[in-house]
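K.L.:
Next one to model:
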Amino acid sequence: MHELANLSLWHAMMSEEEWGPGRHGLGGDLDVDVAIVGAGFTGLWTAYYLLTREPNLKVAVLEAEAVGFGASGRNGGWCSALLPMGLAAMEHAHSRDGAVRLQSAMHDTVDEIGRVIVAEGIDCHWAKGGTIGLARNKPQLDRFRAQVDELHSYGFGADDYRFLDADEARSLLAATHVVGGTFTPHCATIQPARLVRGLARVVERRGATIYEHTPVVEISPRRARTRLGTVKADVVVRATEAFTGSLSGSKRELIPIYSLMVATEPLPDSFWQEVGLHERATFNDGRRMIIYGQRTIDGRFAFGGRGAPYHYASRMRPEFDRDDGVHASLLETLRELFPSIGRVGLTHRWGGAVAAARDWWCTASFDPSTGLAVAGAYVGDGVGTTNLAGRTLADLITGTESELTELPWVGHRSRRWEPEPLRWLGINAMVRLPPGADAKEDRTGRPAKLRGAFLEWLTGH
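P.N.:
Next up, the predicted model:
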C-alpha cells in the first residue's frame with residue numbers, strides 16, 4: 001500500500017500502478033536553474049509551463065512529503081474559476097478593467113486545464129458540468145441575486161452566470177427547501193489525487209526532477225536550504241501554500257485554514273435519477289458556513305465544509321485532519337439536503353489545510369533582483385488558480401511579456417497576520433460566526449446583518 005493511501009477517498013481510489021514508483025530524496029548540495037519548493041499544483045504547473053517555454057532548463061522540485069500529500073491531493077475536486085477576492089476588491093485595488101481581465105483569465109483557465117489533461121493523457125475523471133448554487137431561504141436568495149447582478153454589471157452575461165428560479169434550480173439538483181439558485185459553466189469536477197500525480201509524471205517526462213521527503217527549512221535569494229543539502233538556483237519558487245509557516249521567518253505570511261470532507265458509499269442510479277447532477281456539476285448553497293460537494297465518477301457524494309478551528313500559532317498536525325464533530329456535522333448537513341440517502345454510511349473522512357493571506361488576496365509574484373518567486377494564498381480556490389499562477393510565473397521568470405503578467409494579482413503583497421493571541425482570537429471568531437448567522441436566517445427568514453457585516457470586515461469582502 002502506498003504511504004498516502006489512507007489520506008483521503010481520492011488517494012484510496014488509486015491503484016498501485018497509478019501510484020507508480022516512489023521518488024528519492026535529495027542526495028546533497030545541488031545547482032539548478034530553477035528550484036521549486038512544493039510539489040503541489042502550484043509547483044508542478046510552474047515546472048510544466050517553464051519547461052514548455054524553455055525545455056533545456058534544469059528544474060528541481062523539492063517536496064517535504066510526497067506528491068499529492070497536501071491540499072492538491074485532498075481537496076473537493078472543484079476545478080473552478082473562483083478567486084478568494086471579489087471583483088469589487090480587485091477594482092478598488094487596481095481598476096475595473098483589471099478586475100474583469102483577471103476573472104476572464106480564470107474562465108479561460110478552466111478550459112486550459114482541460115486541454116492539458118487531454119493533451120497529456122491524464123485520467124482524472126474530468127467532467128465540465130459547471131457549478132450549481134442553491135438558495136434555501138430568502139436571505140440566501142437575495143444574496144445570490146445580488147451576486148449575479150454584480151457580475152452582470154461587470155459585463156459578464158447569462159452564459160457565464162445565471163440566476164435560477166426555484167423550478168430551474170430543483171431541475172438541476174433536487175435538494176430540500178430550494179427557492180432558487182445560480183449556475184455557472186466555469187467549473188469542472190476532477191479526481192484531484194489523480195490529477196496531481198499525473199501532472200508530476202508529465203513534468204518528469206519533460207525533464208524536471210522531483211525530490212520527495214526533502215523538507216526545505218529556509219528560502220533565501222537563489223538558495224533553498226533543506227535538511228539534506230542546499231540547492232542553489234537562479235530562481236527559487238515558493239509554492240508551499242498552507243505549509244509556508246514551516247519556513248524560517250514565514251510564520252505570519254499565511255495561515256492554515258482547515259477544511260474537512262466525507263465520502264458516502266456509492267448510491268444507486270435510482271437516487272441520482274431523482275436528485276440530479278447528471279452532468280456531475282459541483283454544488284454548494286448560499287449559507288455563510290461554506291459547504292461544497294460533487295458526485296464522484298462511481299456515484300458517491302464527496303462533500304466538505306469549513307468549521308474546524310484554527311490552531312494556536314498556526315500549528316498543523318495530522319490529527320487536525322479529522323474532527324469528529326465537524327465530520328458528523330457534514331453528514332448531518334448532507335442528510336438534511338438529501339433525506340433520501342437514508343442511513344447510507346461513510347467510507348472515508350479526511351481533511352487538510354488551505355492557506356489565507358491577511359487581506360484574502362492570492363498572488364503570483366517574481367523579483368528578478370533576488371530570484372525569488374511566490375504564488376499562493378488561494379483560500380481553497382486553488383485547483384484552477386494554481387494553473388493561472390504557473391503560467392504567470394513561467395512568463396515572469398522567462399521574461400515573457402504577456403497579458404498574464406499585467407493582471408492585477410501580479411506582484412500583490414499582503415500585510416502579515418497579527419501576532420498571537422490576536423490571530424487565534426480573530427480567526428476563530430470568524431469560524432464560529434457563520435453557524436449562528438445561518439441559524440438566525442433559517443429561523444427568521446431575514447438576513448443576519450450584524451454577523452454578516454462582521455464577517456465581511458474580518459475577511460475584507
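K.L.:
How about residue 269: what's its closest non-neighbour residue?
P.N.:
Distance criterion Cβ to Cβ, 6 or more residues apart in numbering; nearest residue to residue 269, sequence neighbours excluded, is residue 299 at 7.4 Å. C-beta coordinates here come from the backbone N, C-alpha and C atoms, glycine included.
K.L.:
wouldn't that neighbour be in contact with residue 273 here?
P.N.:
No - if you go by Cβ atoms under 8 Å, residue 299 and residue 273 don't touch, sitting 11.3 Å apart.
K.L.:
Between these two, tell me which one has more neighbours.
P.N.:
Comparing residue 299 with residue 273 by neighbour count (other Cβ atoms under 10 Å), the higher total belongs to residue 299, at 15 against 9.
K.L.:
which strands and helices sit next to the helix or strand harbouring residue 167?
P.N.:
Residue 167 belongs to helix 166-172 when assigned by DSSP states H and E. Here helix 166-172 touches strand 131-135, strand 180-184, going by 3 or more Cβ pairs under 8 Å, 6 or more residues apart in numbering; DSSP states H and E.
K.L.:
Let me see the contact set for the residue nearest to residue 269.
P.N.:
Residue 299 makes contact with 266, 267, 268, 269, 272, according to Cβ atoms under 8 Å, 6 or more residues apart in numbering.
K.L.:
run the last query once more with 7 Å
P.N.:
266, 267, 272 (Cβ atoms under 7 Å, 6 or more residues apart in numbering).
K.L.:
What residues sit buried inside the strand or helix carrying residue 140?
P.N.:
Taking DSSP H and E as the criterion, the element that holds residue 140 is helix 138-153. Residues of helix 138-153 classed as buried: 139, 140, 141, 143, 144, 147, 148, 151 (neighbour count, 16 or more other Cβ atoms under 10 Å).
K.L.:
Of the helices and strands packed on helix 166-172, which stretch is the most buried?
P.N.:
The densest packing among the helices and strands packed on helix 166-172, expressed as mean neighbour count by mean count of other Cβ atoms under 10 Å, is seen in strand 131-135 with a mean of 25.
K.L.:
which residues in the chain form helices?
P.N.:
9-12, 16-19, 41-53, 71-74, 87-93, 96-120, 138-153, 166-172, 192-205, 269-275, 324-337, 382-398, 422-444, 449-459 (DSSP state H).
K.L.:
Among the ones you listed, show the one with the smallest mean pLDDT.
P.N.:
Per-stretch averages of pLDDT across those put helix 449-459 at the bottom, with a mean of 65.
K.L.:
any idea how far residue 286 lies from residue 366?
P.N.:
The spacing between residue 286 and residue 366, counted by Cβ to Cβ, to the nearest Å, is 38 Å.
K.L.:
should've said residue 232
P.N.:
18 Å.
K.L.:
Also residue 354?
P.N.:
Note on residue 354: its distance to residue 366, by Cβ to Cβ, is 23 Å.
K.L.:
quick one, which of those two is more surrounded?
P.N.:
When residue 354 and residue 366 are compared for neighbours, residue 354 comes out ahead with 25 against 22, by other Cβ under 10 Å.
K.L.:
separation between that one and residue 174?
P.N.:
Note on residue 354: its distance to residue 174, by Cβ to Cβ, is 30 Å.
K.L.:
In PDB, could you pull the C-alpha coordinates for stretch 200-211?
P.N.:
C-alpha atoms of stretch 200-211 as PDB (Å, rounded to 0.1, in the frame of the first residue of the first chain):
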ATOM      1  CA  ALA A 200       4.000  15.100 -11.700                       C
ATOM      2  CA  ARG A 201       4.700  12.300 -14.200                       C
ATOM      3  CA  VAL A 202       4.300  14.700 -17.100                       C
ATOM      4  CA  VAL A 203       6.700  17.200 -15.500                       C
ATOM      5  CA  GLU A 204       9.300  14.400 -15.100                       C
ATOM      6  CA  ARG A 205       8.900  13.300 -18.700                       C
ATOM      7  CA  ARG A 206       9.700  16.900 -19.700                       C
ATOM      8  CA  GLY A 207      12.900  16.800 -17.700                       C
ATOM      9  CA  ALA A 208      12.300  18.100 -14.200                       C
ATOM     10  CA  THR A 209      13.500  16.100 -11.200                       C
ATOM     11  CA  ILE A 210      11.200  15.800  -8.100                       C
ATOM     12  CA  TYR A 211      12.800  15.100  -4.800                       C
END
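K.L.:
Mind listing what's buried along it?
P.N.:
Applying 16+ other Cβ under 10 Å to stretch 200-211 flags 200, 201, 202, 203, 204, 206, 208, 209, 210, 211 as buried.
K.L.:
I'd like those residues as JSON lines, with distance to residue 327 appended.
P.N.:
Converted to JSON lines, those look like this (distance: Cβ to Cβ, whole Å):
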{"residue": "200", "distance to residue 327": "29"}
{"residue": "201", "distance to residue 327": "32"}
{"residue": "202", "distance to residue 327": "34"}
{"residue": "203", "distance to residue 327": "34"}
{"residue": "204", "distance to residue 327": "35"}
{"residue": "206", "distance to residue 327": "39"}
{"residue": "208", "distance to residue 327": "37"}
{"residue": "209", "distance to residue 327": "38"}
{"residue": "210", "distance to residue 327": "32"}
{"residue": "211", "distance to residue 327": "34"}
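K.L.:
what's the closest of those residues to residue 335?
P.N.:
residue 200 (36.9 Å; Cβ to Cβ).
K.L.:
re the thing from before, pick out whichever of the buried residues of stretch 200-211 sits closest to residue 217.
P.N.:
residue 211 (14.2 Å).
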